[in-house]
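Asker: sequence and predicted structure below; questions after.
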Amino acid sequence: MASPLPGLLIAASVVLSGLRWALPWQAGLVVLTLLAGALDVGAPVRPCLAALFVVAGTAALVWGLARLEDRAPMPGERISGVGGGLMLTILAVLAVPRGLVDAVSRPDLIAALVAILCGVLAAAIRRSVVGQCAGLAGAVNGLLLLAGLGGRDAVLAGAVALQAALLLVAFVCLRRIAWGRELT
Amino acid sequence: MAAVSSPMLSLPVLMPLVLCWPFLSMGVLAACSPASARAAAIGLSAIGLVLAVLAVTARSVWPATPFAVPSGPLGLLLPLPLVALFVASLSAEAAPARRGTRVLIHGLAGGAVAATACADPLSGAVAIGGVAMLVALATAVTRGAARAGWDLFRLSLSGILLAVPGAALMAASDAAGRLEGLGGLLLTVGLGTVAGLGPAAPVVLAAGDAGGGMALAPVMTAVPVLRHLAEGPDRLGVMALGLVTVWLMALSIRVASAERRGRLSVGLMIGLGAMAAGAGGGAGQAGLVALLLSVALLARQDVAFVRGAPLVHAPFLPFGGVVLTLVALCDAAPLLVFPVAVGVAVGSPGPVGSAFRAGWLGRGVAGVLLAGLVVLVLWGWR
């Protein structure tokens, strides 16, 4: 039976990328998709490991970002985010062929790509640094999903390293910007 | 060539030594006293450079790993980060760098050499991500540069987040057709963003102003990125990014202050390098090497030669790179020759004349650039 999880993740990525409060929901869907994938494949270690990193990274970021000031997205940012996300989703659906790709099923691959692309888009169009960080965190979760389901060890190691770098910079750098020590 | 068959040079330990030397140098420099740090940095970077040249001469390979000297003229790109490191170590006399900065730029050079030596785009993208993250982290933790560091980090992370899945899609065993095209596009856009090509160029170049050691950041990311893009599937995308970069830099140079012109000229040469990488062929690869060697020699902005630099004017090496790029474009995309030539003309407003009134290092760099063009002419365009 087809799982609704990739569809829910695509919808969440398109509509909610770049929103601080939505990050746990998107991460939760990524974790559920990874765990569902772990049940399907013979070697569940890598998906479970990726899910663990998603939970750990998101929990730390949500805790840190909750202590910073954030501006709600302007209507233009929302329209650009959702409109651009829809276009990217259509492009991803058209570009990814049917069948398995490197052991990843087509819906899962599209969901991971959409999470990455919408996260990067949100990081580009949001003016608030907190929103930008939330967008990047969503994109890293998408990369962890891709790496956990079918990628190689190098991709998983790279994704974990990127997550660690994001956490480090977010805690060192955003604190100074969002607390007004430097001009935004 | 006699050197290739020499048993000493074909030792399997040569490539591991080349890749590990800059990281070993980091440890040595961290333990050095401040009085001897400059001499140690010069010596260690010179040894690393000699090892890299030997590895290129021997076409060295690290067995059972993805690390190898790139094939053809692209192999000459391997020592370029170490050339930039050596020039930076020599030029540190004018502005004594802190120990942390010295240690950091050795790590950057080591990461750039490792990323250049990666044979496949997936491991290359991951290694380039490491270099880009190191640059952005170093900028972000610099006092007073949190905003610039965050912008650079956001840009680099976005690029790597596009490049890694792109390379993974290309490496998928059953990837073909549309999926390979999507992977190539993501890889090109992602790596181009990391190297400051296209719309990302102004942010990357501005972030380079944040710290002295970070002046080397453009060359440390551009060399491995253009090495992988030159062998990538999306040549048209690479040329498009290069053309946008050339024009962005050319228009900015017209209104830039004298201090910023050197950095913008480096950006212009990186854009031209992308055009050469996209055009491909023997002339394109030779042009890419000539331009990136010029970038490596001129990346350090406190080399006084750079400030009044003639750069793309004759008779220096970048001029040879421009000519080779135009020759390669005549074969690959003749319609792009005119906009590139006009962009170069617009971006080279200064006359030749101030090159030889610089210090001994500036005169040395000018001499190497002149000798480079002579070698290029004697060797032949193809």
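Answerer: Here it is on my side, so go on. Since this is a predicted model, take the numbers as computed values, not measurements.
Asker: in which helix or strand would I find the residue nearest the centre of chain A?
Answerer: Centroid-nearest residue in chain A: residue A:138, 2.2 Å away (criterion: CA atoms, centre = their mean). Assigned by DSSP states H and E, residue A:138 falls within helix A:129-149.
Asker: what segments of the stretch 51-200 of chain B are strands?
Answerer: Counting by DSSP state E, counting those that start in this stretch, the stretch 51-200 of chain B has no strands at all.
Asker: quick one, helices of it?
Answerer: With DSSP state H, counting those that start in this stretch as the criterion, the stretch 51-200 of chain B has helices at B:80-91, B:99-117, B:121-140, B:146-171, B:178-194.
Asker: please convert the ones you listed to TSV, extending it with mean pLDDT.
Answerer: Converted to TSV, those look like this (pLDDT from 0 to 100):
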stretch	mean pLDDT
helix B:80-91	88
helix B:99-117	87
helix B:121-140	84
helix B:146-171	86
helix B:178-194	86
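Asker: quick one: closest of those to residue A:159.
Answerer: Residue A:159 lies closest to helix B:146-171 among the helices of the stretch 51-200 of chain B, at 7.4 Å (CB to CB). No exception for glycine: its C-beta is placed from N, CA and C like everyone else's.
Asker: quick check: residue A:97 is in a strand.
Answerer: No - using DSSP: H, G, I helix; E, B strand; the rest coil, the assignment for residue A:97 is coil, not a strand.
Asker: roughly how far out does stretch A:22-29 sit from the chain middle?
Answerer: Its chain's C-alpha centre and that of stretch A:22-29 lie 8 Å apart, by CA atoms, centre = their mean, to the nearest Å.
Asker: leaving out chain neighbours, which residue sits closest to residue B:153?
Answerer: If you skip the residues right next to it in sequence, residue B:153 has residue B:136 as its closest partner in space, 3.7 Å away by CB to CB, 6 or more residues apart in numbering or on different chains.
Asker: ok, back up a step: to residue B:239, which of the helices of the stretch 51-200 of chain B lies closest?
Answerer: Nearest of the helices of the stretch 51-200 of chain B to residue B:239, taken as CB to CB: helix B:178-194 at 10.1 Å.
Asker: which parts of that closest one are buried?
Answerer: By 16 or more other CB atoms under 10 Å in any protein chain shown, the buried positions in helix B:178-194 come out as B:179-194.
Asker: ok, the next helix-or-strand element following that helix near chain A or not?
Answerer: Using DSSP H and E, the helix or strand that follows helix B:178-194 in sequence is helix B:201-207. No - judged by CB under 8 Å from any CB of the partner chain, helix B:201-207 stays clear of chain A, getting no closer than 11.1 Å.
Asker: helices or strands up against helix B:201-207?
Answerer: Applying 3 or more CB pairs under 8 Å, 6 or more residues apart in numbering or on different chains; DSSP states H and E, we find helix B:201-207 packed against helix B:146-171, helix B:217-230, helix B:235-255, helix B:258-279.
Asker: 6 Å - rerun?
Answerer: Judged by 3 or more CB pairs under 6 Å, 6 or more residues apart in numbering or on different chains; DSSP states H and E, helix B:201-207 is in contact with helix B:146-171, helix B:258-279.
Asker: CA atoms only for that helix, dumped as PDB, please.
Answerer: What follows is helix B:201-207, C-alpha atoms only, in PDB (Å, rounded to 0.1, in the frame of the first residue of the first chain):
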ATOM      1  CA  ALA B 201      30.000  36.200  -6.600                       C
ATOM      2  CA  PRO B 202      29.400  39.600  -4.700                       C
ATOM      3  CA  VAL B 203      28.700  37.900  -1.400                       C
ATOM      4  CA  VAL B 204      31.700  35.600  -1.600                       C
ATOM      5  CA  LEU B 205      34.000  38.400  -2.500                       C
ATOM      6  CA  ALA B 206      32.600  40.800   0.100                       C
ATOM      7  CA  ALA B 207      33.100  38.100   2.800                       C
END
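Asker: right, I'll leave it there.
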